[in-house]
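[1] Okay, here's the prediction I keep looking at, along with the sequence it came from:
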Amino acid sequence: MADAAIQLQGVFPPVTTPFDAEDRIALEPLKVNIARYNATRLAGYVVIGSTGESVLLREQEIEQVLGAVKEFAAAEKILIAGTGAESTAATIERTRRAAALGYAVALVKTPHYYKSQLTPDVLEGHFERVADASPIPVLLYSVPQFTGVTIEAPLAARLAEHPNIIGIKESSGHIQRISEIIVTTPAEFQTLVGSAPTFLASLTVGAVGGILAAACVLPELCVDLFETARAGKTEAAGKLQKRLLAPSLAVTSRFGIAGLKYAMDLLGYYGGPPRRPLLPVDSAARREIAKIIAGVQPARSAKTAD
């Protein structure tokens, strides 16, 4: 069984998947992005997550991206692979493949298509079977804003008893739910959050880190917030949280992945187009994103809003 003592403290960006103008995976821009992230204090990378447009990728593309990030990532960065699928069997298959490619942790989202039948007991059985079969530790993934399925504290507490389930990524941004999960699970169970606007509040109640889309654009600001909060510098951390609020909302709930990728382009990363059916942001959104980002960090690229 995998080493369940792996520590996931810190900030992890959910790495975006670059596409070229012909909608193909673009590995060279991915290499450039990872090289820049390698020079930061990010704890590691989440690959094939929601922000990586995982549901829009073919199986061979998933493997291609996982392999490329493994090759490009610095040795000290912790690699987490998104491996969740609708069926238990497919999730196990993806998880075993990620382990074979050298990933340290599997991030397993809830199934969701047959949501009316996905009771806590059904979900418990699913996650336990995946954890039993996984060669690497499992991180539960609750993202109800996309799936309509939530891992509540009682289910998290039961699953936390499994020796190969080491934590949860809770992305709802619901502080009461996060607090309840932290209170009802063992001290070694690691709660990470996926909501940058409530990152400081989550850290205050005991979250150990964040998997934040905003970290794809502003990694150092996200890490500064994490480290300042962990040092107990409450006032300084509050100021950093306020700085992060507008850009984090812009690249998640307001403009989504297309907005995030445009913000990356502005700061010298490769964002590029989203995959259809998603569309690039329009000119009005580009102007607003550029204004928001400029208020936090000057643009590095020659790209301008039109």
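    Done, it's in.

[2] Residue 161: which element?
    For residue 161, there is no host helix or strand (DSSP states H and E).

[3] pLDDT value on it, please?
    Note for residue 161: predicted pLDDT of 98.

[4] residues near it, how many?
    As a burial measure, residue 161 scores 11 neighbours (other Cβ atoms under 10 Å). C-beta here means a position set from N, CA and C on the backbone, and glycine is covered the same way.

[5] does residue 123 really touch residue 154, like I thought?
    No: with contact defined as Cβ atoms under 8 Å, residue 123 does not reach residue 154; the gap is 11.2 Å.

[6] What mean pLDDT does the longest helix along the chain get?
    Looking across the chain with DSSP state H, the single longest helix is helix 234-249. Mean per-residue pLDDT for helix 234-249: 97.

[7] ok, and what's touching it?
    Contacting residues not belonging to helix 234-249 are listed as 196-197, 199-200, 203, 212-214, 217-218, 221-222, 224-225, 228-229, 263, 292-293, 295-296 [Cβ atoms under 8 Å, 6 or more residues apart in numbering].

[8] Alpha carbons of whichever helix or strand comes after it, as PDB, please.
    Per DSSP H and E, the first helix or strand lying C-terminal to helix 234-249 is helix 256-266. Only the C-alpha atoms of helix 256-266 are listed here, as PDB (Å, rounded to 0.1, in the frame of the first residue of the first chain):
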ATOM      1  CA  GLY A 256     -14.200  30.500 -16.200                       C
ATOM      2  CA  ILE A 257     -11.400  28.600 -17.800                       C
ATOM      3  CA  ALA A 258     -11.400  30.900 -20.900                       C
ATOM      4  CA  GLY A 259     -10.900  33.900 -18.600                       C
ATOM      5  CA  LEU A 260      -8.100  32.100 -16.700                       C
ATOM      6  CA  LYS A 261      -6.300  31.200 -19.900                       C
ATOM      7  CA  TYR A 262      -6.500  34.800 -21.100                       C
ATOM      8  CA  ALA A 263      -5.100  36.100 -17.800                       C
ATOM      9  CA  MET A 264      -2.300  33.600 -18.200                       C
ATOM     10  CA  ASP A 265      -1.600  35.000 -21.700                       C
ATOM     11  CA  LEU A 266      -1.400  38.500 -20.200                       C
END
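
[9] tell me the angle of helix 256-266 relative to helix 234-249?
    110 degrees (axes from the mean of the first three to the mean of the last three Cα atoms, to 10 degrees).

[10] Work out the gap between helix 256-266 and the centre of the chain.
    15 Å (Cα atoms, centre = their mean, to the nearest Å).

[11] just the helices in the stretch 51-200 of the chain please.
    59-72, 88-100, 120-133, 144-147, 153-159, 175-184, 199-204 (DSSP state H, counting those that start in this stretch).

[12] TSV please, covering those and showing distance to residue 43 and mean neighbour count.
    Shown next, in TSV, are the helices of the stretch 51-200 of the chain (distance: least, Cβ to Cβ, whole Å; neighbours: other Cβ atoms under 10 Å):
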stretch	distance to residue 43	mean neighbour count
helix 59-72	15	18
helix 88-100	18	19
helix 120-133	22	17
helix 144-147	24	16
helix 153-159	22	19
helix 175-184	19	18
helix 199-204	14	21
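
[13] Isn't residue 82 up against residue 51?
    No: in this structure, residue 82 is not within contact of residue 51 by Cβ under 8 Å, at 9.6 Å.

[14] in the longest helix of the chain, what's buried?
    237, 240-241, 243-249 (16 or more other Cβ atoms under 10 Å).

[15] Could you do stretch 99-116 as well?
    99, 101, 103-111.

[16] Now distance to residue 169 too, for the helices of the stretch 51-200 of the chain, in CSV please.
    Conversion of the helices of the stretch 51-200 of the chain to CSV gives the following (distance: least, Cβ to Cβ, whole Å):
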stretch, distance to residue 169
helix 59-72, 18
helix 88-100, 15
helix 120-133, 13
helix 144-147, 12
helix 153-159, 11
helix 175-184, 11
helix 199-204, 11
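
[17] which one of those helices lies closest to residue 254?
    Evaluated over those, closeness to residue 254 peaks at helix 144-147, with 13.1 Å, by Cβ to Cβ.

[18] Just the residues contacting the closest one, thanks.
    So helix 144-147 is contacted by 50, 109-110, 112, 115, 150, 171-172 (Cβ under 8 Å, 6+ apart).

[19] Could you rerun that using 6 Å?
    Contacts to helix 144-147, defined as Cβ atoms under 6 Å, 6 or more residues apart in numbering, come from residues 50, 110, 112, 150, 172.

[20] Dump those residues into a markdown table; add distance to residue 137 as well.
    Below are the contacts of helix 144-147 laid out as a markdown table (distance: Cβ to Cβ, whole Å):
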| residue | distance to residue 137 |
| --- | --- |
| 50 | 20 |
| 110 | 18 |
| 112 | 23 |
| 150 | 22 |
| 172 | 22 |
